[in-house]
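>>> generate coordinates for the sequence data below:
(2 chains)
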Amino acid sequence: MADIKIKNLHKEFGTGDDKVVALEDVNLDISGHSFVSIVGPSGCGKSTLLNILTGIETPTSGTVDITSDGRVAAPGYVFQAARLLPWRTVTDNLLFVQEDRSSETKQRCQRYLEMVQLGDKGDKFPGELSGGMQQRVGIARAFCIEPDVLFMDEPFSHLDAITARALRRELHHMWAETKKMVVFVTHDVGEAVELSNRILVFAKGGRLTDDIGVELPFPRDPSDDEVAVAKAHVLRKFEELDLLAS
Amino acid sequence: MTATQTDISTGEVAAEQRVTEEELARRARQKELTSRWFWRILSYVVVLAVWEFALLDIFSWLRGNPLDPKLLPGPSEVLATFGEIWGEGTMPAAFQATLTRIAVGFGLSFLIGAMVGILMQSKWFEGFFKDAVLISLSAPGLIWVLITAIIFGNRPIGPTIAIILTTFALVTVNVSEGIRALPKDLLDMAKSFKVSLYKRNRQIVIPHLAPYLFTGLRFGFSIAWKVTVLTEVFSSSEGIGFEMRISAVLFDMSEFLTWILAFFFFALFLEKVVLEAIERRYFRWRQAVVAS
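Below you'll find the predicted structure:
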């Protein structure tokens, strides 16, 4: 099981008058089979936090430890755009992030392709697939390295509502089945409530203002009363933040 | 397009009609392809017919006095001469001489051009090379051909330098454009998945640069080809350009045109067979994108 420990995390961009604080003194522990959503308005530092967690950016100060059973955890990523190599087939895109190309690995890749319902598309090039299918390949790629923790940065925001909904359902099944930890960045509160058992609300200036547990049973239908109430609750937190800001 | 008809009594779509629609689409594609080839071939027929039967008269009229038919042999005569020269066996030797020159000259030029392109990613080197690249791109190849012919005579280094000076900038421009457009999002993705540097270069950087290198290769080669023949016309004792010079000096227009014809065939072969095969082999993914 993966563990994420964030202590006194601080991140600034630029210096002097141009200085922008992206994250301010963030302290956070995530552990176990969690699905954690990070929500907040644009510019609240949620993408910066994810970039630090994924190692693309380094913190100004503070520490981030991502471990799994005492060793360094293996992370997987799903990005806002699928980020597939256009010159490689779907299968080769999955194999690209693997350490080897053994038949075992290939079988595993095929299994995850089937999980995202693209079992017959392995020989296609990304250019031959729709945007939703490409994003599915991105999800399969992240799962097929069997990571301890999966980071997702607004993975469905570029998709149409129906495709996004279908993919959310698939993602939930995969999370439930594989018992991975998922850290999910989104600006869509409904999406966060539908998928997560914990929602972290960030405010402008990169402060973690709320840590909300969502204890509803899965699967969650967005039209259910309880889900709607939970969504309203989180949205109210947003509004309070807006009042504070103005 | 006709709407699909539904049988009211059974509610079934008439299968026949759907087949017909597919068939129609296939026929339309076929027709389009046929007519494209028709016009392409027609252009050859028209040009050859005018050349064979009317060009001598047209030129004579333009000159105001009759043109000696020896100075303008028709395509049939050129083709006959082509057969003769081919039989003599001088053609492969001439091509070999010219192609060796191109291979050496353009091979070096490609390396130098790529290296300059990489160096130009630095601000200082960009300033250093910028105008040289511009001059190489805009100066007519003839300038370098004449200069190198005067300085080096018929030594093989002359054409090599002329080729490098006329073509390296094309490679440079393409390479530096390719480097500037490196897909940062893919490289970041690979980095976050902890993909090794070797694999990142091998599977992201090189496939990304390949089309740019290929464009440089293609344009560079077509210019190297012309410049080489030109240098042979001025200052060489073998190769296609040399053979052209000899025929021109002897006023043997039939032979002169034969060499042009051979040149033309070879260029066509290179374009249609070699380059397109490379493109099909290595850029299949691009066709996939276009087709979808």
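
>>> only C-alpha atoms for contact and neighbour calcs from this point on.
Fine.

>>> and residue 124, how many residues sit next to it?
As the question left the chain open, I've gone with chain A. 16 (other Cα atoms under 10 Å in any protein chain shown).

>>> was after chain B, sorry
Look at B:W124: counted by other Cα under 10 Å, it has 11 neighbours.

>>> part of a helix, is it?
Yes. Counting by DSSP: H, G, I helix; E, B strand; the rest coil, B:W124 is part of a helix.

>>> residues near the closest residue to chain B within chain A, how many?
Nearest residue of chain A to chain B: A:G127, at 4.4 Å (Cα to the nearest Cα). A:G127 has 23 neighbouring residues, counting by other Cα under 10 Å.

>>> the helices in the chain, which residues?
No chain in the question, so chain A it is. In chain A, the helices defined using DSSP state H lie at A:46-53, A:90-96, A:103-115, A:131-144, A:161-178, A:189-195, A:225-245.

>>> that's the wrong chain, I wanted chain B
Secondary structure of chain B by DSSP H: the helices cover B:15-53, B:55-63, B:75-88, B:90-119, B:123-138, B:141-152, B:157-180, B:184-192, B:197-200, B:206-235, B:240-249, B:253-269, B:276-282, B:284-291.

>>> can you list the residues of the stretch 151-292 of chain B near chain A?
Applying Cα under 8 Å from any Cα of the partner chain, we find that the stretch 151-292 of chain B lies next to chain A at B:185-186, B:188-195, B:204, B:207, B:283-286, B:288-289, B:291-292.

>>> 10 Å - rerun?
Within the stretch 151-292 of chain B, the positions adjacent to chain A are B:183, B:185-196, B:199-200, B:203-204, B:207-208, B:282-292 by Cα under 10 Å from any Cα of the partner chain.

>>> what's the ChimeraX syntax to select whichever of these are buried?
Selection of buried members from these for ChimeraX, criterion 16 or more other Cα atoms under 10 Å in any protein chain shown:
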select /B:186,187,188,189,190,191,192,193,194,195,200,203,204,207,208,283,285,286,288
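
>>> could you break the chain into its assigned domains?
Since you didn't name a chain, this refers to chain A. Segmentation of chain A into domains, based on automatic domain parsing, reads A:2-74+A:149-245, A:84-146.

>>> wrong one, chain B
B:1-53, B:89-249.

>>> worst mean pLDDT among the domains of chain A?
Lowest mean pLDDT within the domains of chain A: domain A:2-74+A:149-245, at a mean of 86.

>>> ok, it near chain B or not?
Yes. On the criterion Cα under 10 Å from any Cα, domain A:2-74+A:149-245 is in touch with chain B at A:51, A:54-56, A:74.

>>> thinking again about what came up before, nearest to B:E271, of the domains of chain A?
Checking these against B:E271 by Cα to Cα gives domain A:84-146 as the closest, at 23.2 Å.

>>> centroid-nearest residue for chain A?
A:M152 (2.1 Å; Cα atoms, centre = their mean).

>>> tell me what that one is bridged to.
When assigned by DSSP bridges, A:M152 has beta-bridge partners A:V78, A:F184.
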